[in-house]
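J.: Return atomic coordinates for the entry below.
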Amino acid sequence: MPIDLLLAAATAWTLPKDPPIKPGGLAVLHRTLTRGAKRIELDIARFDTKAYTLRVVDNKDGTRDLPVAMAAAKCVAGVNGGYFHADRSPLGLVIADGKTLHREQVDSGLLTGIVTASPGRFDIWRVAEFPKRRLPAQALQVGPFLVDHGLIVKGLEATRAARRTAVVTDGKGLGALLACDSLTLAEFAELLATPGVVPGVVITRALNLDGGSSTMFYAAKPSTYRPGLASVRNYLGIMPR
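T.: Have a look, this model is predicted:
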């Protein structure tokens with residue numbers, strides 16, 4: 001075997017056998033993945049836009065934890081959302097239920113993508129691609145981009161490991177919210193570009209959400225809660241249409 005293929009095989013993530021999943025709807029999964037001596041736990045909420053949509057849920061005063069906020073917003077699963085300042089003011093574009101809570105930031109090397117949702121539609125955009133003539137019902141500017149056109153984004157930070165959260169899409173109506181154990185951004189991108197990491201979803205774009213102490217994950221059924229270590233400004237939830 002050529003040396004480049006040997007190296008690729010040695011560094012590939014090993015995935016568990018795919019569980020049986022009905023097409024469409026919502027699937028909540030917990031997966032254990034390994035790569036050499038490294039082992040991580042990954043929580044996934046996979047959704048189909050035929051039945052579900054994304055919702056940005058504001059947490060301005062920081063009093064609601066993720067399960068409480070998701071229940072109040074009628075969301076069945078969710079994760080932490082975007083970045084914010086020490087005074088809790090958000091960074092980048094935030095639109096919740098049609099109301100713009102913070103304007104777009106165009107000069108950031110970090111906030112390189114925008115996730116948007118309207119009933120029946122869900123997209124991940126590069127900031128330069130984002131259509132501004134008609135604003136969506138929900139939008140969150142975050143970053144950096146991890147996977148684009150199915151390929152790992154080059155130049156991602158590869159030395160600082162932290163807990164991670166992301167939103168991914170196949171560009172055809174299937175998407176997922178994910179939270180996992182400590183990885184560098186480069187490792188996280190490699191994981192999300194691994195075929196089969198989200199069963200049934202061929203990830204074409206993956207966008208990093210606020211991570212580290214902010215990382216959290218919740219699902220109502222089956223009951224799943226990965227608590228965060230900090231109070232966050234907003235959440236990204238999955239809500240039935």
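
J.: Would you state the helices of this structure in chain order?
T.: Ranges of helices within the chain are 3-11, 66-72, 185-192, based on DSSP state H.

J.: Can you tell me which of the ones you listed has the worst average pLDDT?
T.: Lowest mean pLDDT of those: helix 3-11, a mean of 40.

J.: what about the closest residue to M216 other than its chain neighbours, how many residues close to it?
T.: Leaving aside its chain neighbours, M216 sits nearest to G228 (3.6 Å; criterion: Cβ to Cβ, 6 or more residues apart in numbering). Bear in mind the C-beta positions are built from the backbone N, C-alpha and C, glycine included. G228 sits with 22 neighbouring residues when counted by other Cβ atoms under 10 Å.

J.: One more: K22?
T.: 8.

J.: where does the chain have low pLDDT?
T.: 1-11 (pLDDT under 70).

J.: wait, H102 sits on L93?
T.: Yes - between H102 and L93 a contact is recorded at 6.5 Å, counting by Cβ atoms under 8 Å.

J.: Spit out the contact partners of the residue nearest to M216.
T.: Contacts for G228 (Cβ atoms under 8 Å, 6 or more residues apart in numbering) come out as L66, N80, S213, S214, T215, M216.

J.: mind checking how far the last one is from T14?
T.: Relative to T14, M216 is positioned 26 Å away (criterion: Cβ to Cβ, to the nearest Å).

J.: Counting neighbours, go ahead and name the busier of these two.
T.: M216 (24 against 11).
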